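*Asks:* give me coordinates for this.
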Amino acid sequence: MSGMSLPDVAEKMRDIDIAMLCTLTEGKAIAARPMSNNRDVTYDGDSYYFTWERSRMVSDIERQPTVSLTFQGSKQFAVAVEGTAELIRDKDQFEKHWNADIDHWFEDGIDTPDIVMIKVHAERIHYWDGEDGGEVKLG
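*Replies:* Have a look, this model is predicted:
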């Protein structure tokens, strides 16, 4: 195993736009949905996604903040992240992670009613790069 560091994994994740965000539902089922990183690709162990306040995803996170993210890159590169989600409702924080592409989904930008940002803080990252794989543990 190569023993990739977080910067190594982050560099390979740079071109991956879609992650599957998995939560645990009230009935203990695993719910997964695709989420875009919205070109916010500077990865330091935190991921940011925008969604609607009334989504099941938000209620799942309020009840159980432990989540997972999976990323599939090119050339047999994949990443699985285990982490804790935080719901952010602060427009100043929205601005730090906003870009014009998100306006497609939220037409009033950061002033769109009922918008929330999900921050996923990674605790463990598993990666596979062809036959090579490993884990990055975060503090």
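
*Asks:* what about the helices in the chain?
*Replies:* Remark: helices assigned in the chain by DSSP state H are 6-13, 56-63, 91-97.

*Asks:* show me what contacts Cys22?
*Replies:* 30-32, 67-70 (C-beta atoms under 8 Å, 6 or more residues apart in numbering). C-betas here are computed from N, CA, C, even on glycine.

*Asks:* 10 Å instead, please
*Replies:* When contacts are counted by C-beta atoms under 10 Å, 6 or more residues apart in numbering, Cys22 touches 30-33, 57, 60, 66-70, 80-82.

*Asks:* in ChimeraX, select just the buried ones from those residues.
*Replies:* Applying 16 or more other C-beta atoms under 10 Å to the contacts of Cys22 leaves a buried subset, and the ChimeraX line that selects it is:
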select :57,60,67,68,69,80,81,82
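
*Asks:* for the contacts of Cys22, give me CSV that also has distance to Asp114.
*Replies:* Below are the contacts of Cys22 laid out as CSV (distance: C-beta to C-beta, whole Å):
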residue, distance to Asp114
Ile30, 25
Ala31, 20
Ala32, 22
Arg33, 17
Met57, 13
Asp60, 17
Thr66, 24
Val67, 21
Ser68, 25
Leu69, 23
Thr70, 27
Ala80, 30
Val81, 26
Glu82, 28
